[in-house]
Structure formats: C-alpha cells, structure tokens
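Student: Got a predicted structure plus its sequence, pasted below:
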Amino acid sequence: MTISYIGIIGAGAWGTALAQAIHQAGSETVLWSFEPEVAETINKSHENDVYLPGIKLDAGIRATAVLEEAASTDAVFLVVPAQFLRGIASQLAGTLARDIPVVVCAKGIEQNSAALMSEVVGDTLPGRPVAVVSGPTFASEVAIGLPTAITLATQNPDVGNELIEAIGTQKMRPYLSDDVIGAEIGGAVKNVLAIACGVTEGRGFGDSARAALITRGLAEMTRLCVAKGGKAESMMGLSGLGDLTLTCSSSQSRNYSLGEALGKGETLEKVLASRNSIAEGVTSAAAVSTLAKRLGIEMPITEAVAAIVDGKVTVDDAIEALLARPFQSETRTRR
C-alpha cells in the first residue's frame, strides 16, 4: 500500500488545517465541504474565510462539494463533527473501496449510543482499516506550520506506518500507537473537562483550581479508558495529558472559551448562537456520562458539566456539589 492521495472529509477549521499540513508533507489532498460556497471560495481565493479566516492555503489544495471525489483517494480522513459522523460515513459506504483506510479525526462520543467514533465507522464502513488521529493541536497553528505532535493510533501497523509517511513532517510529528480506544477517550473527554476549566476561569477561581480540575479530570479520563479496554499509559501521552493540558488552558479552545462564558453568567444558548463552530464537549458530555454509567465508572466532573449543558443544574449548584464531595485517597481506584 502506498498512500499519496488523501481525501479530507470536512472543511471546518481542523479539516482545512489538516489539508494544508498533509499537502505540505507531499501528499495530494482534496478537501470536501458540505457547503458548496466554502469549496468554491477555497478554490478561487485559496482561503477558508468562514472557518479558518486570514490563513492562505497552498494553491495545490483542491476543494469539492462532491463527496465521491474525496472518497476516490488512497485514504480518507473524517473531520466532521462527531454527531454527524455516522451520517457521512453511511453516505461513503457505497463508494469507498473496501481496502481504503479510514482515519477518524473527530473528537467525541456519539449521543444516545455512547459509541466511540471508531465503533461508528465499524458499523457503517465495516472491513476498512481504521486509524485515529488525536493530540494537542490548534487548527490555526497547524495551518501556519507551527510545530506540533499528534498520536496516530491503529491496530494495523502497516497502515499506520504508511499514514505516518504520508502526513508526517518535521513540524507535524505523528507518533504511532496501537491503542485506538485510548486515543479516542482522551480526545473526547478532554473537551468536556475543558468546559469545566473554562467555568473556573469565568468564575475567577484562579490557576490552582484549574490545575486541580485538570489533575482530577485526568483521573476520570484514565478510569474510563481502562474500563473501556484502553491503556492507562495512553492517558499520559499526546492524546491524553497533552491534549487535555492544551485544551484546558487556552481561550483558543472552543470548549474552554465556552465554559468561561458560562462561568461569567452567559447562557449556553447565547454562546452557541454567537459561533459558527461546534464545541464538541457540549454534545459529548451526556454521552460520556452515559458510557461511564454503563461501565460503572464514577466521573463527577464530567457529570457536572453534562448537567450544566443539559440545563439540569446551574453553574453555582454544580460547583457547590463538587466542592461538597467527601474527601478521599488520591490513589484509590474508584469504578
């Protein structure tokens, strides 16, 4: 297998940045956009002025609104919002060849089913090699070529090595992992925890409180990862602690900035109405909590965020409930 032509499914900020980075790695790319006008603008002006404004894209990046064009490649990267992935993957089922690798770049857990994105791909595109890309990345930084590192997780090492050759550069360094579950749990749960950290910032609780939330959130993430069948050590890597640290400490994070706005007293409806991008933590919070309950895992921070975004409790009530929890041993494992 040689991978030199890659279809990017989803022309949001991260999909556009990936197309730029992968094209600069020497692979031909085609970027699919659900919105034909976005594809047209990218082709004419070499800029995604809706989702990644102000950043010039390589002239060789071609955009399309025809899904089949992006599927006629050596590998496809799914970079659509998590809750739309099943629908898009189902559309691909009739056109995507059985041996084409499918790389999941969406960071979330499906509502209702509480399925990981790789499980959704397994349902809709059975038999295809599956990989997951995750890690500490901001789209704008990747698009302009600032250094970063990512996890590329797959249980097929041959496919993993081919993908790394196709997308890796000195400035975007992929690290191979065989823990698909761990990479996905880290990418999904950190978005929920970032909302919690943003709330502490909005409330003016200080850096110490945020550090405590990151640390206890990492414990929650690790418990869920292990219970789901992933590896605890993956939570210490790029797709775990790396992504968690980045997302929980910068207003560039959509989830962190949303939490900050909630902490300052804004309503969720007002915050969401002011944006054209999706904060995955909002839609994944309840799904993560559902998955944790099914596996018998205690995740109080995640449950608090889910209750806030679902309108079941106020920010103040959620904070009070967390601070009222009984003291316990830091190292005790709680399922």
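Tutor: That came through fine.
Student: so what's residue 62 up against?
Tutor: 29-31, 43 (C-beta atoms under 8 Å, 6 or more residues apart in numbering). No exception for glycine: its C-beta is placed from N, CA and C like everyone else's.
Student: again, only this time at 6 Å
Tutor: Residue 62 makes contact with residue 30 under the criterion C-beta atoms under 6 Å, 6 or more residues apart in numbering.
Student: Quick check: beta-bridge partners of it?
Tutor: Here residue 62 sits in beta bridges with residue 30, as judged by DSSP bridges.
Student: Retrieve the pLDDT associated with it.
Tutor: Note on residue 62: pLDDT of 97.
Student: same deal with residue 9?
Tutor: Residue 9 is given a pLDDT of 98.
Student: Excluding chain neighbours, what is closest to residue 27?
Tutor: Setting aside the residues directly before and after it, residue 27 is nearest to residue 166 in space (C-beta to C-beta, 6 or more residues apart in numbering), at 4.8 Å.
Student: for the chain, which residue is closest to the average position?
Tutor: In the chain, the C-alpha nearest the mean C-alpha coordinate belongs to residue 107, at 2.4 Å (C-alpha atoms, centre = their mean).
Student: Apart from its neighbours in sequence, what residue is nearest residue 202?
Tutor: Nearest non-adjacent residue to residue 202, counting by C-beta to C-beta, 6+ apart: residue 263, 2.1 Å away.
Student: any idea which helix or strand carries residue 319?
Tutor: Here residue 319 sits within helix 315-323, counting by DSSP states H and E.
Student: what packs against that helix?
Tutor: helix 300-309 (3 or more C-beta pairs under 6 Å, 6 or more residues apart in numbering; DSSP states H and E).
Student: which SS state does the residue nearest to the centre of the chain fall under?
Tutor: Secondary structure for residue 107, judged by DSSP: H, G, I helix; E, B strand; the rest coil, is coil.
Student: so what's the residue nearest to it when sequence neighbours are not counted up against?
Tutor: With C-beta to C-beta, 6+ apart as the measure, residue 187 is the residue that lies nearest to residue 107, at 3.6 Å, once sequence neighbours are left out. Taking C-beta under 6 Å, 6+ apart as the contact definition, residue 187 lies against 107, 134, 239.
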